[in-house]
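**Q** make a model of this:
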Amino acid sequence: MRPAPGVALRLPRRLAAAAVLLSLSACDGRPWNDPHAAEREGQRVFYSLFSSRTRNLDPVRTYNRDEATLIDNIYEPPLEYHYLKRPYELQPLTLERMPEVVYYDEAGAVLPATAPAPAYSVYTLTLKRGIRYQPHPAFAVDAAGEPLYRFADARQSRRYKTLDDFAQSGTRELRAEDYVYQIKRMADPELQLPIWDIVSGYIVGLTELREAIVAQRAAGSGWLNLQTLPLEGVQVLDPYTFTIRLRGKYPQFKYWLAFHFFAPIPMEVDRFYAQPGLRDRNISLAFYPVGTGAFMMTRHQPTREIVLERNPNYHEDYYPRAGEPGDAEAGLLTDAGKPLPFLDKVVFSMEKEPIPAWTKFMQGYYDVSGVNRESFDQAVKVNVDGIGLSDEMIARGIVLFRTIDAATYYLGFNMTDEVVGGDSERARKLRRAIAIAYDESEQISIFLNGRGEVAMSPVPPGIFGYRPGRAGLNPYVFDWRAGAVQRKPLEEARRLLAEAGYPRGRDARSGRPLVLNMDMTSGSSGDSARQVWLIKQFEKIDIQLNIRATDYNRFQEKMEKGAAQLFFWGWFADYPDAENFLFLLYGPNGRAGSGGAGVNSANYSSARYDALFDRVKTMEDTPERMALIEQMLAIFHRDLPWASAYHPQAFVLNNGWVKNFKPHGVSQATLKYLDVDLAARARSQREWNRPVWWPLALLGLALLVVTVPGYRAYRARQRRSVVGEEGSC
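**A** So this is what the prediction gives:
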């Protein structure tokens with residue numbers, strides 16, 4: 001088939017045009033493959049990512065670390081953690097000073113601060129003046145001071161599709177009543193406060209308020225103004241002062257005052273979002289937070305992008321003037337005393353897969369990154385001196401932060417199970433045999449690239465109650481040899497297994513092999529290699545392991561019914577106190593039959609442990625408290641409701657242009673301290689994303705080799721045609 005005129009020249013021309021366009025795309029100084037919006041150029045923007053869709057951003061509902069990363073930078077509870085100091089230190093955020101605490105007996109007489117068992121504790125909280133909310137239509141009012149947006153029915157609100165459709169906004173000062181309103185929201189059963197069992201046991205009148213809310217809802221319909229319902233234990237003294245009355249003594253309550261559950265929610269915001277039709281379009285507190293914090297959410301596309309911007313109404317707040325030893329040398333005090341925040345925006349982009357996320361970090365388009373299994377070998381090198389950055393990362397000016405998280409992940413036994421559970425010596429020996437056989441250090445080495453520490457107790461490093469080295473080891477599973485912790489030999493595990501009634505992994509009475517079931521969510525085992533490894537751990541002492549993987553909801557159902565036998569679980573600190581980990585084994589917190597509220601997933605119960613916990617949970621960190629914790633851990637070591645555990649180690653890579661970055665470990669409210677060197681980032685992005693032209697040139701050459709002979713043949717035929725036509729004349 002003869003080519004049509006001009007076809008032979010189209011590809012080279014298009015190739016040349018493409019080259020021109022690529023060169024033009026870099027003429028503005030931005031790399032040609034920059035995924036970020038051009039209008040953000042020159043702004044102080046911090047780029048990060050999220051990997052799963054947000055579900056609910058209401059501060060009374062959220063108990064999710066990823067969602068906390070967002071709302072903890074928008075809302076402000078009364079207290080916050082010092083950004084730099086370790087051990088963790090609380091300080092006022094919206095308060096003039098730390099809460100004042102007074103203890104009372106049943107008759108109302110004041111008790112000394114050292115009273116061991118007061119009837120009540122009263123916290124007095126005094127707010128700073130001048131703190132204002134972010135701009136929001138809930139605060140917009142007309143000339144008479146009435147709410148500007150009031151809808152009698154869904155028809156009136158139907159033209160408002162998103163929060164951006166509300167043209168007018170307003171603000172007002174933070175008041176004590178806003179904190180009280182949020183505490184009242186905790187009692188609303190429709191909101192399902194995750195820590196209801198804890199706070200309702202301490203805050204006086206909260207249970208009675210829940211009953212009143214249920215009664216009010218049964219008697220009427222529509223929005224319920226919680227300001228009209230009294231709460232005995234929480235009182236407003238003046239616009240800037242309120243009190244919270246607790247039963248007994250609960251020193252850990254101060255940590256809850258730094259948690260977003262206690263962030264203020266104004267009545268106006270609750271009323272605004274309760275209007276007809278808005279919730280149907282996701283115009284709700286679950287989707288659009290409203291706070292006094294350093295940032296406000298201006299875009300919420302849960303499957304694509306979430307944007308936080310500087311709150312124009314943010315109050316006076318300053319970078320810390322002091323930290324811990326080494327902070328000044330690390331450059332973390334260069335901005336001491338400067339007003340916060342430094343950033344204009346924080347952009348979170350959806351990245352479902354780790355490889356594209358890592359690629360963009362390596363291109364300089366994400367400012368920080370974790371280290372996963374896929375990127376470990378490229379980011380980190382392991383040698384006789386330990387773990388450090390690879391040469392490539394060092395050349396790029398990237399810094400590695402290594403911290404032990406305030407968290408514990410464990411392989412648990414269901415203590416209500418008739419085989420592995422129970423309080424008999426037979427069951428304890430079976431659990432000890434499994435604990436010796438299951439090599440946690442090998443699991444950390446193979447599947448976590450060494451990022452973890454074998455746990456001897458629920459309490460992680462950095463928290464009072466943690467005992468390192470020989471002082472903390474479990475003597476039923478480990479020995480101290482040659483100055484180090486050593487797992488007991490497998491011969492000991494086999495002996496214990498035989499004494500438990502399972503010589504060589506078979507029931508001594510029936511002769512049947514011992515088969516144990518491990519329940520986990522689909523994919524939670526990582527991959528088939530880890531499943532094979534798990535099976536081999538039990539095979540070392542002739543126990544057959546059956547892995548039952550299921551979906552998340554089915555797994556949760558099994559846990560709540562106490563139907564699992566062995567399982568993996570984990571806990572990340574709500575606050576840096578031993579009580580927040582020791583309660584994972586407190587009998588009344590058993591998960592089975594709790595409807596999912598119990599945190600004791602092993603369903604462990606020990607009268608002695610529980611009695612000690614009841615004493616420990618309300619104590620200050622003293623030598624006496626440490627002695628009681630050690631007694632609790634001795635019981636834990638003997639009974640072994642967990643086969644094994646580890647404290648995860650976080651590896652975080654920070655690009656050199658990110659300033660003031662220091663992983664906290666507990667608080668997520670850290671974005672206001674960060675800054676970026678825009679010029680340094682731009683230089684690195686240009687350097688790391690230089691266009692590679694030779695493939696395009698090679699392609700062009702190949703096209704020329706193919707097309708030029710065809711073009712010459714075509715021109716020759718054209719000339720012969722012209723000659724033939726002339727001859728016929």
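**Q** can you show me the helices along the stretch 151-300 of the chain?
**A** Taking DSSP state H, counting those that start in this stretch, the helices of the stretch 151-300 of the chain run over residues 154-157, 176-185, 196-202, 206-219, 253-256, 267-273.
**Q** the stretch 551-700 of the chain now?
**A** With helices called from DSSP H, counting those that start in this stretch, the stretch 551-700 of the chain shows them at 552-561, 579-582, 607-616, 623-639, 678-688, 694-728.
**Q** got a list of what Gly469 touches?
**A** Val485 (Cβ atoms under 8 Å, 6 or more residues apart in numbering). Bear in mind the C-beta positions are built from the backbone N, C-alpha and C, glycine included.
**Q** got a pLDDT number for it?
**A** With respect to pLDDT, Gly469 has a value of 92.
**Q** nearest spatial neighbour of Leu206, skipping sequence neighbours?
**A** Ser200 (4.8 Å; Cβ to Cβ, 6 or more residues apart in numbering).
**Q** what sits against the one you found?
**A** Shown in contact with Ser200 (Cβ under 8 Å, 6+ apart): Ala187, Leu206, Thr207, Arg210.
**Q** which of these sits closest to Ser51?
**A** Lowest distance from Ser51 to the contacts of Ser200 (Cβ to Cβ) belongs to Ala187, with 33.8 Å.
**Q** where's that closest one relative to Asp270, distance?
**A** Distance, Ala187 to Asp270, using Cβ to Cβ, to the nearest Å: 13 Å.
**Q** ok so, going back, next one, pLDDT for the residue nearest to Leu206 please.
**A** 94.
**Q** what's the answer for Arg554, then?
**A** The per-residue pLDDT reported for Arg554 equals 89.
**Q** can you pick the most crowded of the contacts of Ser200?
**A** Greatest neighbour count in those, by other Cβ atoms under 10 Å, goes to Ala187: 26 neighbours.
**Q** doesn't Gln216 make contact with that residue?
**A** No - look at Ala187 against Gln216 with Cβ atoms under 8 Å: they stay out of range, at 11.4 Å.
**Q** quick revisit: adding distance to Ala508 and pLDDT, write the contacts of Ser200 out as TSV.
**A** Output for those, formatted as TSV (distance: Cβ to Cβ, whole Å; pLDDT from 0 to 100):
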residue	distance to Ala508	pLDDT
Ala187	55	97
Leu206	53	98
Thr207	51	97
Arg210	53	97
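**Q** for Lys161, list the residues it contacts.
**A** By Cβ under 8 Å, 6+ apart, Lys161 lies in contact with Arg281.
**Q** now it. Its backbone dihedrals?
**A** phi -90, psi -30 (degrees, to the nearest 10).
**Q** can you check Pro513 too?
**A** phi -70, psi 150.
**Q** same check, this time on Asp335
**A** Residue torsions, per degrees, to the nearest 10, at Asp335 are phi -100, psi 20.
**Q** quick one: neighbours of it, just the number.
**A** If you count neighbours by other Cβ under 10 Å, Asp335 ends up with 18.
**Q** skipping adjacent residues, who's closest to it in space?
**A** With sequence-adjacent residues excluded and distances taken as Cβ to Cβ, 6+ apart, Asp335 is closest to Tyr319, at 4.6 Å.
**Q** please tell me how far Gly656 sits from Pro320.
**A** Taking Cβ to Cβ, one finds Gly656 at 22 Å from Pro320.
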